[in-house]
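Enquirer: Structure of the sequence below:
(one chain, ligands or ions: 1)
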Amino acid sequence: MNLLEEMAFERQTGNGRTAGFPAARPRRLRVSPQMRVMLRETSLSPGHLIYPLFVTHGHGVRAEIGSMPGVYQLSVDELAGEIRSAAGLGISAVLLFGIPAKKDPIGLENFAADGIVQQAARAIKDAHAEMVVITDVCLCEYTDHGHCGILNVGGPNRPELRLPEGYVLNDQTLEILAKVAVSHAEAGADIVAPSGMLDGMVGAIRGGLDAAGFNHTPILSYSTKYASGFYGPFREAAQGAPKSGDRRSHQMDPANVREALRETALDVAEGADMLMVKPALAYLDVIRAVHTEYPQLPLAAYNVSGEYAMVKAASANGWLDEERVVLEILTGIRRAGADLIITYHAKDAARWLDRI
Ligand code: PBG
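Expert: Got it, this is the predicted structure:
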């Protein structure tokens, strides 16, 4: 019998204590706001949120990103104020992306002591030492070709490998990633977050950090990162769009979830301290799968630029209630199994959560 048949049966027979009515009434538990709060299964608080920041050269720069209303490229001198306001709202971590002064084939500013992210990390630590500074470790914002690694150009360097022209060379790039991570740690980064989806990146960075004496600097690996259309607005924000081609030779196919577990297993074996699934919304099942398979490690989900832009655009048109849907989305990501959420909504959400 299905539920409707059961109810009809109860009505006819008087079976059960309250003839004519179902005994189970889930609505009893939703009668009052207090009861609803008491019985809420999933928590969401500002401490769960990581606030991404785009840092650029110059002075007094606060340049809004067209496709991400409310998100700005900030110069280093603007950071102290931004950090204090985030901290005042209960946000305890930021994720830094840098826009360099100059780009070149390997991205030299990426590991320069006075590079933009290095300056930003120092400024944040000076202004508010308790703020946890996470730095994105990748090449794409720094290379003139916009790819996440050194490219196989002008003829393959090992012809026997038959790698295509323009292929991101894995192992040569790992050496640079390790240098970048060390230089971020030297500047004060508390956590480094490699986002390139290259094979062996976590192990290479762990080795580099340890050799430089940073054995206490954790690695938050972008362990499951898909080749996604939802990064579009970010590429405007960070000026890191590939000049040609795409990132499908290293980022994952959106159709795959078994592969996500394999990628995660490798990163765990290489010493990742925290894991990530990115993007979040089209990948809630992946968040759940990684959370279930690796309950020992903290898991972050990245609520990416395109996900932010959709909500902002619809809200600006009056088609969605921004506050409601943002809190619903963030709660959904937590419910799927994420411990932490990287989100451009962080400050707004923290403000709204404060009122609940
Ligand atoms: C790479 C990086 C990207 C994002 C974070 N780190 C871009 C990409 O992989 O193409 C995207 C984040 C977002 O869309 O919000 N450094």
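
Enquirer: ok, the spatially most central residue of the chain to residue 208 distance?
Expert: The C-alpha lying nearest the average C-alpha coordinate of the chain belongs to residue 302 (C-alpha atoms, centre = their mean; 2.7 Å). Separation of residue 302 from residue 208 (C-beta to C-beta, to the nearest Å): 24 Å. For every residue, glycine as well, the C-beta is placed using N, CA and C.

Enquirer: Likewise for residue 23?
Expert: For residue 23, the distance to residue 208 (C-beta to C-beta) stands at 63 Å.

Enquirer: interface residues of the stretch 201-350 of the chain facing the ligand?
Expert: Residues of the stretch 201-350 of the chain lying close to the ligand by C-beta under 6 Å from any ligand atom are 231, 234, 247, 304-305.

Enquirer: Spatially, which two of the residues you listed are the most separated?
Expert: Farthest apart among these by C-beta to C-beta are 247 and 305. That separation is 14.6 Å.

Enquirer: if you count what's nearby, which of these two comes out ahead?
Expert: A side-by-side neighbour count of residue 247 and residue 305, using other C-beta atoms under 10 Å, places residue 305 first with 25 against 20.

Enquirer: hang on, the earlier thing: doesn't residue 282 make contact with the residue nearest to the centre of the chain?
Expert: No: counting by C-beta atoms under 8 Å, residue 302 stays clear of residue 282, with 12.0 Å between them.

Enquirer: all strands for the chain, in order.
Expert: For the chain, applying DSSP state E gives strands covering 49-56, 62-65, 68-75, 93-99, 132-137, 191-194, 224-225, 275-278, 299-303, 340-343.

Enquirer: Check whether the biggest helix by length in the chain comes near the ligand.
Expert: For the chain, the helix with the greatest residue count under DSSP state H is helix 170-187. No: judged by C-beta under 6 Å from any ligand atom, helix 170-187 makes no contact with the ligand; its nearest approach is 11.1 Å.

Enquirer: orientation of that helix relative to strand 93-99 in degrees?
Expert: Between helix 170-187 and strand 93-99, the angle comes out at 120 degrees (axes from the mean of the first three to the mean of the last three C-alpha atoms, to 10 degrees).

Enquirer: Name the residues of helix 170-187 that come out as buried.
Expert: Within helix 170-187, the residues that count as buried by 16 or more other C-beta atoms under 10 Å are 170, 173-174, 176-187.

Enquirer: does the ligand sit close to stretch 68-78?
Expert: No: contact of stretch 68-78 with the ligand (C-beta under 6 Å from any ligand atom) is absent, the minimum separation being 8.5 Å.

Enquirer: Can you name the residue of the stretch 51-200 of the chain nearest the ligand?
Expert: Closest contact between the stretch 51-200 of the chain and the ligand, by C-beta to the nearest ligand atom, is at residue 138 (3.5 Å).

Enquirer: From residue 326, how far out is that residue?
Expert: Plainly put, residue 138 is 27 Å away from residue 326 if you go by C-beta to C-beta.

Enquirer: same thing with residue 32?
Expert: Residue 32 sits at a distance of 25 Å from residue 326 (criterion: C-beta to C-beta).

Enquirer: between these two, who's got more neighbours?
Expert: More crowded of residue 32 and residue 326, by other C-beta under 10 Å: residue 326, with 21 against 9.

Enquirer: contacting residues around the more buried one?
Expert: Residue 326 makes contact with 311, 345, 348-349, 352, according to C-beta atoms under 8 Å, 6 or more residues apart in numbering.

Enquirer: cool, and residue 251?
Expert: By C-beta under 8 Å, 6+ apart, the neighbours of residue 251 are 197, 225-228.

Enquirer: what about 7 Å?
Expert: 197, 225-227 (C-beta atoms under 7 Å, 6 or more residues apart in numbering).

Enquirer: Run through the residues that contact the closest residue to it other than its chain neighbours.
Expert: Once flanking residues are discounted, residue 251 sits nearest to residue 227: 3.8 Å by C-beta to C-beta, 6 or more residues apart in numbering. By C-beta under 7 Å, 6+ apart, the residues touching residue 227 are 246-248, 251-253.

Enquirer: Equivalent analysis for residue 49, please.
Expert: 91, 341, 343, 346, 349-350.

Enquirer: repeat that with 8 Å
Expert: Going by C-beta under 8 Å, 6+ apart, residue 49 touches 91, 93, 330, 340-343, 346, 349-350.

Enquirer: Mind jotting down where the helices sit in the stretch 151-300 of the chain?
Expert: Assigned by DSSP state H, counting those that start in this stretch, the helices in the stretch 151-300 of the chain fall at 170-187, 201-211, 232-237, 258-269, 284-293.

Enquirer: Name the residues of the stretch 51-200 of the chain found near the ligand, please.
Expert: Residues of the stretch 51-200 of the chain lying close to the ligand by C-beta under 6 Å from any ligand atom are 136, 138, 140, 195.

Enquirer: how much space between the closest residue to residue 273 other than its chain neighbours and residue 107?
Expert: Excluding the flanking residues, the one nearest residue 273 by C-beta to C-beta, 6+ apart is residue 218, at 3.8 Å. From residue 218 over to residue 107 the distance is 23 Å, taken as C-beta to C-beta.

Enquirer: same check, this time on residue 55
Expert: Residue 55 is 15 Å from residue 107, by C-beta to C-beta.
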